[in-house]
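Visitor: make a model of this:
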Amino acid sequence: IGLSTDTGNLTIDGDIDNGTAGAVNFATGVTVASEGSLTLDGTTGGLVGAGTLDLDAKTGITLNDNLTTAGTTDINADSDGTGGVGTLTLAAGKTLSTTNNILTITAEDLDISGTSITSGSAKTTITDSDNNGIGLGATASTNGLDVSVAELTKITGADVEFVSAGNIDVNGLTAASTATISGTLILDSAADVNFVTGASTTTNGLTVEADNQVDIDVAVTTTAGNLSIDGDADNAADTNDKVDIATGLTLTTAGLMTLDATTGGIAGVVLTLNAKEGVTITDALTTTDTLTVNADTDADDNTGTFTTGGAVSAGSNAISITANDVVLGSTLSSGGAKTTITDSDSTDGVGLGATTVSNGLNLSGTELQNITSTGFEIATGGTVTVNGITAANSNNLSGTTTLDATGIITFATGASIFNTLAV
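Guide: As a prediction, this is how the structure comes out:
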């Protein structure tokens, strides 16, 4: 059965003499709720949930001993959401485990003095209860839910998601601090997600979702998994609705990189994007200096496509794209500067126009027509086959179009027209 208080605190000690036996055992489906704080203690036998378990308190929950459950576990340490108090505390040397079941934690703050919080092969979701924001890493938020680098190391799950209606500030995450997250670290804010001060690296995937803005002031890297950043997750008009990347930064992923900001777009200055499995620009990307993209940094497996769904512009600054293939669903403009597209795997070659090269970098006439530049170059270690490029297809290419191939360059089937061509 459930247990609750209608006023005051609730303390349950299943081993008050700290003897040779004694535990707190919860039947499946039990809810324990306190109008004040909730303290659980079971020195010898621990705290054991036979299945699903729901723990609720208005002014904080303290787990003084190991809590192990066998079902979905929901812990709310700030059930009235008023903040100020409402910390989930795991005592030193203790563990919280759901035995590979979903874990949901809602709190004003976390105090993880214990050894670990783990949902194993299931997801852990941690929500800021009072909407004051989350500080993740070396930055603390004012009156918010803060998880230090050391504390993050103790959180294990297939996916781990942090949720707040306030800002999420990220500072100095390391590969080691996220190695216990086997799937994706998810940052979900109804306001801003800010990467500040120290560069951040995650061992596996990273998904960033902000309704108002993602502000990136430092390098961000995933050493495995995908990197997905959305600066307008609700696809609705807020104040900024963009991904704003500071000058000279590099974003790097060992998987697929996706940048999205429906309303406000993506902005950078001297921007470099590196990915092993492709780069997808879903919405408008504007840089006020050079743009360098390598969508296939490992150049080894016929993946690594550069895909655009929104207009990409570097003003009148150079654009350099390296990829296994390109899919230009929108315009790509370097204005008065040069655009260079390089075939990353150097063996399969390039198909330009109506000819498609198997596993190669293929740029149709329509896609070529999307490119505006002064000077345009396609480079490959393989061959180039050109077929049926019309004057309209090439008319946005001012200056010289250069085809640079280690192998044979073939003009096949349909006549092709360029303004100025160097082969």
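
Visitor: give me the secondary structure label for residue 263.
Guide: Following DSSP: H, G, I helix; E, B strand; the rest coil, the label given to residue 263 is coil.

Visitor: I'd say residue 411 and residue 386 touch.
Guide: Yes - at 4.9 Å, residue 411 counts as touching residue 386 under the criterion of C-beta atoms under 8 Å. (Glycine included, C-beta is placed from N, CA and C.)

Visitor: which one of the two is surrounded by more residues?
Guide: Using other C-beta atoms under 10 Å as the criterion, residue 411 and residue 386 rank with residue 386 on top: 24 against 17.

Visitor: so that one touches residue 357, yeah?
Guide: No - assessed by C-beta under 8 Å, residue 386 is found out of contact with residue 357, at 11.2 Å.

Visitor: what about the residue positioned nearest the centre of the chain, is that helix, strand or coil?
Guide: By C-alpha atoms, centre = their mean, the chain has its centre lying nearest to residue 207, at 2.1 Å. Three-state call for residue 207 (three-state DSSP): strand.

Visitor: how near is it to residue 161?
Guide: Going from residue 207 to residue 161 by C-beta to C-beta, to the nearest Å gives 8 Å.

Visitor: find residues that contact each of these two.
Guide: 185-187 (C-beta atoms under 8 Å, 6 or more residues apart in numbering).

Visitor: got the end-to-end distance for stretch 403-413?
Guide: With C-alpha to C-alpha, to the nearest Å as the measure, stretch 403-413 spans 18 Å from end to end.

Visitor: for that stretch, the distance to its chain's centre please.
Guide: On the basis of C-alpha atoms, centre = their mean, to the nearest Å, stretch 403-413 sits 40 Å off its chain's mean C-alpha point.

Visitor: show me the beta-bridge partners of residue 281.
Guide: Beta-bridge pairing of residue 281 under DSSP bridges involves residue 259, residue 308.

Visitor: my guess is it contacts residue 310, does it?
Guide: Yes - taking C-beta under 8 Å as the definition, residue 281 is a contact partner of residue 310 at 6.1 Å.

Visitor: got a pLDDT number for residue 18?
Guide: If you check residue 18, the pLDDT there is 81.

Visitor: ah, wrong one, I meant residue 141
Guide: pLDDT, residue 141: 81.

Visitor: got it, and residue 13?
Guide: Confidence score, pLDDT, at residue 13: 93.

Visitor: helix or strand: which one has residue 373?
Guide: Assigned by DSSP states H and E, residue 373 belongs to strand 371-380.

Visitor: show me what that strand is packed up against.
Guide: strand 332-333, strand 339-343, strand 350-353, strand 361-363, strand 397-405 (3 or more C-beta pairs under 8 Å, 6 or more residues apart in numbering; DSSP states H and E).

Visitor: what is the distance between the first one and the centre of its chain?
Guide: Put plainly, it is strand 332-333. Per C-alpha atoms, centre = their mean, the centroid offset for strand 332-333 relative to its chain is 26 Å.

Visitor: got any ranges where the stretch 201-350 of the chain has weak pLDDT?
Guide: Scanning the stretch 201-350 of the chain for pLDDT under 70 picks out nothing.

Visitor: ok, back up a step: between residue 281 and residue 310, point out the one with more neighbours.
Guide: Set residue 281 next to residue 310 and count neighbours by other C-beta under 10 Å: residue 281 wins out with 25 against 20.

Visitor: and the more buried one, how close does it get to residue 251?
Guide: Residue 281 is 12 Å from residue 251, by C-beta to C-beta.

Visitor: residue 209 too?
Guide: To residue 251, residue 209 is 16 Å away according to C-beta to C-beta.

Visitor: does residue 187 count as helix, strand or coil?
Guide: strand.

Visitor: report pLDDT for it.
Guide: For residue 187, pLDDT reads 98.

Visitor: please name the bridge partners of it.
Guide: Residues in beta-bridge contact with residue 187 (DSSP bridges): residue 162, residue 208.

Visitor: surely it touches residue 133?
Guide: No - under the criterion of C-beta under 8 Å, residue 187 is not in contact with residue 133, lying 11.5 Å apart.

Visitor: list the residues that contact both of these two?
Guide: residue 168.

Visitor: residue 365 versus the nearest residue to residue 391 once chain neighbours are set aside, what's the distance?
Guide: Ranked by C-beta to C-beta, 6 or more residues apart in numbering and with sequence neighbours excluded, the top spatial neighbour of residue 391 is residue 417, at 4.5 Å. Residue 417 is 10 Å from residue 365, where distance means C-beta to C-beta.

Visitor: more neighbours: which of these two?
Guide: Ranked by neighbour count (other C-beta under 10 Å), residue 417 and residue 365 place residue 365 first, with 18 against 13.

Visitor: over to that one: give its phi and psi.
Guide: Dihedral angles of residue 365 (phi, psi; degrees, to the nearest 10) stand at phi -60, psi -40.

Visitor: SS state for the closest residue in space to it that isn't next to it in sequence?
Guide: Ranked by C-beta to C-beta, 6+ apart and with sequence neighbours excluded, the top spatial neighbour of residue 365 is residue 393, at 4.0 Å. Here residue 393 takes the helix state, with states given by three-state DSSP.

Visitor: thinking residue 393 is in contact with residue 371, fair?
Guide: No - counting by C-beta under 8 Å, residue 393 does not reach residue 371; the two are 9.5 Å apart.

Visitor: so where do the helices sit in the stretch 1-150 of the chain?
Guide: Counting by DSSP state H, counting those that start in this stretch, the stretch 1-150 of the chain has these helices, from start to end: 149-152.
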